[in-house]
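Novice: Give me a 3D structure for the following:
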Amino acid sequence: MSDLHAYLGPSWRDEALKRLQLELTPEKMNNVTTSMSNIYKNCPGGVEMFLFVECKEGKVTRVETGVGEPPQGEFRIIGDYQTFARISRAELGAQKALMTGKLKLKGNLARALKLAAVSDRLNKVLARIPTQY
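Specialist: Prediction:
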C-alpha cells in the first residue's frame with residue numbers, strides 16, 4: 001500500500017487531473033464550462049485547504065490543491081474536511097450534502113443542482129485514486 005496518495009497533496013492532485021482527463025469525456029461532462037473552489041475546514045493539522053477544478057467545454061483543464069485562498073471559481077463550496085473526504089470516496093453525494101447543510105454554496109444554486117450529476121461523475125473518478133485520508 002505504499003502507492004497511496006496523500007489526500008489533496010501534490011501527487012494526489014496530479015493523479016486527479018490525469019484520471020479526470022482520461023476518464024471523463026466532454027460528453028460525459030455534458031460539454032459544461034464551469035469551475036469550483038472547494039474550501040476544506042477543520043483539516044488535519046489545523047489548516048484550511050482547497051480543491052479547485054475547472055472544466056472548459058466538458059474537458060477538465062485544471063485541478064489545483066493547496067492551503068490558503070483558492071483560485072476564483074463559478075462556485076465556492078465550503079465544508080468540513082471529513083464531509084469532502086466522504087464525497088471524494090463516493091460515500092456521500094454532493095447534492096445530498098448541499099441539501100442537508102453539510103456544505104455551503106456560494107453561486108447559483110439552480111445551476112449547481114443542474115450540475116450535480118456532473119459533479120458526481122467527477123467524484124466517482126476521484127474515489128478510485130488510492131488515497132490516504
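Novice: Residue nearest the middle of this structure, spatially speaking?
Specialist: Leu51 (5.9 Å; Cα atoms, centre = their mean).
Novice: Pull the contacting residues for that one.
Specialist: Leu8, Ser37, Asn38, Tyr40, Val63, Glu64, Thr65, Pro70, Phe84 (Cβ atoms under 8 Å, 6 or more residues apart in numbering). For glycine as for every other residue, the C-beta is placed from the backbone atoms N, C-alpha and C.
Novice: For the second one, pull up the helix or strand it's in.
Specialist: Using DSSP states H and E, Ser37 sits within strand 34-41.
Novice: Distance from the chain centre to that strand, please.
Specialist: 7 Å (Cα atoms, centre = their mean, to the nearest Å).
Novice: Which secondary structure elements does that strand sit against?
Specialist: Here strand 34-41 touches strand 49-56, strand 75-80, helix 81-88, going by 3 or more Cβ pairs under 8 Å, 6 or more residues apart in numbering; DSSP states H and E.
Novice: try 10 Å this time
Specialist: If contacts are counted by 3 or more Cβ pairs under 10 Å, 6 or more residues apart in numbering; DSSP states H and E, strand 34-41 sits against strand 49-56, strand 59-67, strand 75-80, helix 81-88, strand 103-106, helix 109-114, helix 116-127.
Novice: Apart from its neighbours in sequence, what residue is nearest Lys59?
Specialist: Pro26 (5.7 Å; Cβ to Cβ, 6 or more residues apart in numbering).
Novice: Looks to me like that neighbour is in a strand.
Specialist: No: Pro26: not assigned to a strand; according to DSSP: H, G, I helix; E, B strand; the rest coil it is coil.
Novice: Tell me how many other residues surround it.
Specialist: Pro26 is flanked by 14 other residues according to other Cβ atoms under 10 Å.
Novice: Tell me the predicted confidence for it.
Specialist: Per-residue confidence (pLDDT) for Pro26: 96.
Novice: any idea how far it lies from Gly101?
Specialist: Plainly put, Pro26 is 33 Å away from Gly101 if you go by Cβ to Cβ, to the nearest Å.
Novice: in the helix ranked longest in the chain, what's buried?
Specialist: In terms of residue count, the longest helix belonging to the chain (DSSP state H) is helix 10-23. Within helix 10-23, the residues that count as buried by 16 or more other Cβ atoms under 10 Å are Trp12, Arg13, Glu15, Ala16, Leu17, Arg19, Leu20.
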